[in-house]
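# Predicted model and sequence follow; I will ask about them next.
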Amino acid sequence: MQSIQPAARRPEPGAGPVAVLVVTWNSAGVLPEFLASLPAGMAGLDWRLVVADNDSADGTVELIRSLAPDATVVQTGRNAGYAAGVNAALAAAAAWEGGFRAALVCNPDVRMGQGCAKVLVDALGTDAPGGGRVGISVPLLYEEDGRTLLLSLRRESQVTRALGEAVLGNRRAGRFPRWSEMVTDPSAYERATVADWATGALMALSGECLEACGDWDESFFLYSEETEYCLRARDLGFVTRLEPAATATHLGGDSQVSPRLWTLLTLNRVRLYGRRNGAAATAAFRAAVLLRETSRAVLGRPASLAAAKALVSPSALRATPGP
């Protein structure tokens with residue numbers, strides 16, 4: 001196992017293996033199964049593993065040393081956030097002789113199906129209907145039971161969409177593109193579908209896209225970093241596309257139940273909108289999101305109560321959310 005410190009290097013498109021990038025933080029409980037699933041998931045590809053560890057205290061690094069001795073390990077030395085971990089892993093892979101040709105960014109609680117990665121990597125660089133090239137490809141994601149489909153495709157945030165979700169709820173509003181960010185149409189998950197962005201549990205990125213877009217935005221400690229990256233890639237002509245022939249299971253997280261994590265998710269969503277839109281539109285968007293969280297808080301959802309309190313704080317959106 002090679003342990004290194006982050007270095008400022010960029011990928012070399014078209015060269016080297018596929019870099020499998022994993023960001024860990026106290027991930028010992030989920031890593032063994034993830035590592036065991038890699039040979040099947042990466043079948044048909046030349047690949048190497050890079051793990052960026054954000055100062056785990058549960059033996060994560062030692063576990064990697066035992067189970068994946070050939071992995072490149074970057075120890076950031078602090079809980080630096082997801083985007084910082086991705087950047088550290090990208091820099092480490094770029095330092096390989098010959099660089100790498102594409103990257104697969106994975107959560108450690110993802111389990112790829114047979115040949116999943118090859119389908120995603122083969123899609124990169126192809127022309128997309130309506131213009132642009134596929135710079136980011138994503139699989140169908142299923143819940144832990146392996147049968148329940150996760151609705152992973154999203155539309156860009158708009159005031160009308162935030163309002164629609166506040167009034168109708170995500171799933172009902174999702175039937176109408178104008179009124180929800182969430183893509184709920186079943187047919188969208190049955191074909192290769194271009195979306196504004198997709199949830200980032202597992203995504204393949206072309207070397208060309210990485211070179212054009214540069215680093216992930218580390219000001220988003222957790223949540224919205226993949227949204228920002230997909231939208232930035234789209235602005236530069238690289239689309240995000242679902243490849244339904246690729247499948248994976250995502251064990252999920254606790255953002256839906258943890259008030260702290262839900263608040264972070266909500267604030268980062270508004271912060272990102274504010275970076276891409278004017279002050280008046282951002283105020284309207286924030287109000288629509290506040291309406292949603294307040295209505296859920298009234299129904300007894302503690303996470304929404306915490307998010308609503310944060311949204312009305314004058315300083316909450318100015319700060320860079322962290323651990």
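Perfect, I can see it now.

# Show residues contacting stretch 113-124.
18, 20, 40-45, 47, 102, 104, 134-135, 137-139, 192, 202-206, 209, 241, 243, 245-249 (C-beta atoms under 8 Å, 6 or more residues apart in numbering). No exception for glycine: its C-beta is placed from N, CA and C like everyone else's.

# Domain map for the protein?
Using automatic domain parsing, the domains assigned to the chain come out as 2-250, 259-311.

# Could you check how far the spatially most central residue of the chain is from Pro69?
In the chain, the centroid-proximal residue (C-alpha atoms, centre = their mean) is Gly200; its distance is 2.1 Å. Relative to Pro69, Gly200 is positioned 28 Å away (C-beta to C-beta, to the nearest Å).

# for Ala201, same thing?
The value you get for Ala201 to Pro69, if C-beta to C-beta is used, is 26 Å.

# So for these two, which sits in the more crowded spot?
Just comparing Ala201 and Pro69: by other C-beta atoms under 10 Å the higher neighbour count belongs to Ala201, 23 against 9.

# Give the rounded mean pLDDT of the longest helix anywhere in the chain.
Taking DSSP state H as the criterion, the chain has its longest helix at helix 279-298. Averaged over helix 279-298, pLDDT sits at 96.

# Tell me the helix or strand right after it.
helix 302-311 (DSSP states H and E).

# Check which helices and strands that next one is in contact with.
Helix 302-311 sits against helix 259-276, helix 279-298, with contacts defined as 3 or more C-beta pairs under 8 Å, 6 or more residues apart in numbering; DSSP states H and E.

# so which of the ones you listed is the most packed in?
Mean neighbour count (mean count of other C-beta atoms under 10 Å) peaks for helix 259-276 among the helices and strands packed on helix 302-311, with a mean of 20.

# Give me the phi and psi angles of the spatially closest residue to the residue nearest to the centre of the chain that is not a sequence neighbour.
Spatially, and ignoring its direct neighbours in sequence, Gly200 is nearest to Glu226 (3.0 Å; C-beta to C-beta, 6 or more residues apart in numbering). Backbone geometry at Glu226, expressed as degrees, to the nearest 10, gives phi -70, psi -30.

# sorry, back to before: which residues touch the residue nearest to the centre of the chain?
Here Gly200 is in contact with 105, 107, 225-226, 229 (C-beta under 8 Å, 6+ apart).

# per-residue confidence for Arg9?
For Arg9, pLDDT reads 44.

# Could you do the one 10 residues further on as well?
Ala19 is assigned a predicted lDDT (pLDDT) of 98.

# Need phi/psi at it.
According to degrees, to the nearest 10, Ala19 has phi -90, psi 120.

# For the helices and strands packed on helix 302-311, give me a markdown table that also has distance to Thr184.
Putting the helices and strands packed on helix 302-311 into a markdown table (distance: least, C-beta to C-beta, whole Å) gives the following:
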| stretch | distance to Thr184 |
| --- | --- |
| helix 259-276 | 18 |
| helix 279-298 | 17 |
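
# Show me where this structure has its strands.
Assigned by DSSP state E, the strands in the chain fall at 2-4, 18-24, 47-53, 72-75, 102-106, 110-112, 133-142, 149-150, 153-154, 193-195, 197-198, 202-206, 238-250.

# Could you double-check that Gly130 lies in contact with Val194?
Yes: assessed by C-beta atoms under 8 Å, Gly130 is found in contact with Val194 at 6.9 Å.

# more neighbours, these two?
Val194 (17 against 7).

# for that one, what are its contacts?
Here Val194 is in contact with 128-130, 132, 239-242 (C-beta under 8 Å, 6+ apart).

# neighbour-wise, which of these leads?
Busiest of the contacts of Val194 [other C-beta under 10 Å] is Thr240, holding 28 neighbours.

# Can you tell me the closest non-neighbouring residue to it?
Closest to Thr240 by C-beta to C-beta, 6+ apart is Ile136, at 4.2 Å.

# do you know how far that neighbour is from Glu228?
Counting by C-beta to C-beta - Ile136 and Glu228 are separated by 12 Å.

# neighbour count winner among these two?
Ile136 (28 against 21).

# could you measure the more buried one against Ser27, distance?
Applying C-beta to C-beta, the value for Ile136 to Ser27 is 23 Å.

# before we move on, back to that, give the burial count for the residue nearest to Gly200, as a bare number.
There are 24 residues near Glu226, going by other C-beta under 10 Å.
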